[in-house]
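Trainee: The following block contains a protein sequence and its predicted model.
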Amino acid sequence: MKDRESRFSKKNMYLFLPLFFFWLILSPRIAAESIIIGVVVCFIVVIYSSDVSFTAKEMPLYYFNKLMIFLRFILTLLKEIVKANIDVALIVLNPSLPITPCFIKVPMMLKNDVVKVIYGNAVTLTPGTLTVDVEEDAFVIHAITKEAAEGMTDSIIEHYCCLIDDDRMKREE
């Protein structure tokens, strides 16, 4: 009985719904057959991968308000990527190539491992910066200029990651 209840748990629904939505997008036409096949296939995938999916404690994006913060984060990240692309292009196009590569340790402000990965990948996606290492108490980041390195502390990316990793996780542990 417990196994049957776990098949219809909240985390499995969070996996089933995007899979089924993606199935509908890829279907050439919406018909009863494709919907039934989609439900069956998505259900099998969810059952097969249910032991690998994150629990609600591990994944703060399962909460609607966190998902909305994450969507705002994605828009902000896209804006930061465009700005960094312009900065790097200006550096590359400058004949004197004014780079001052350096490493910086940004203090660890995140508790959740998923949010740490989101932050590290966001830094790496931004041109001119690269997350080199994640230590116990800090992120080690390589920056192409000292200005880019200084911009890593108290950045907008860090702010959004902290919003995703707020006290809701602490209350449920």
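Mentor: Noted; the coordinates are in hand.
Trainee: Would you confirm that residue 104 belongs to a strand?
Mentor: Yes. Assessed by DSSP: H, G, I helix; E, B strand; the rest coil, residue 104 belongs to a strand.
Trainee: So in terms of bridging, what pairs with it?
Mentor: On the basis of DSSP bridges, residue 104 is bridged to residue 141.
Trainee: I'd say it and residue 143 touch.
Mentor: Yes. Residue 104 lies in contact with residue 143 (CB atoms under 8 Å); the separation is 6.2 Å. The way it works is simple: take the backbone N, C-alpha and C, and place the C-beta from them, glycine included.
Trainee: So between those two, which is more surrounded?
Mentor: residue 143 (22 against 19; other CB atoms under 10 Å).
Trainee: Which pLDDT value goes with that one?
Mentor: pLDDT, residue 143: 93.
Trainee: The nearest residue to it once chain neighbours are set aside: what's it in contact with?
Mentor: Once flanking residues are discounted, residue 143 sits nearest to residue 149: 3.8 Å by CB to CB, 6 or more residues apart in numbering. Listed by CB atoms under 8 Å, 6 or more residues apart in numbering, the contact partners of residue 149 are 102-104, 141, 143.
Trainee: I'd like those residues as CSV, with distance to residue 49 appended.
Mentor: Below are the contacts of residue 149 laid out as CSV (distance: CB to CB, whole Å):
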residue, distance to residue 49
102, 42
103, 38
104, 38
141, 33
143, 37
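Trainee: Looking at those, which is nearest residue 122?
Mentor: Among the contacts of residue 149, residue 141 lies closest to residue 122 (CB to CB), at 11.1 Å.
Trainee: thinking again about what came up before, tell me which of the contacts of residue 149 is nearest to residue 91?
Mentor: Nearest to residue 91 among those is residue 143, at 11.6 Å by CB to CB.
Trainee: how about the strands in the chain?
Mentor: 102-107, 129-134, 138-143 (DSSP state E).
Trainee: I'd like to know which of the ones you listed is closest to residue 88.
Mentor: strand 129-134 (9.8 Å).
Trainee: I'd like the distance from that closest one to the chain centre, please.
Mentor: Distance, stretch centre to chain centre, for strand 129-134: 15 Å (CA atoms, centre = their mean, to the nearest Å).
Trainee: That one: partners in the sheet, and parallel or antiparallel?
Mentor: strand 138-143 (antiparallel).
Trainee: okay, the angle between the partner strand and strand 102-107?
Mentor: 150 degrees (axes from the mean of the first three to the mean of the last three CA atoms, to 10 degrees).
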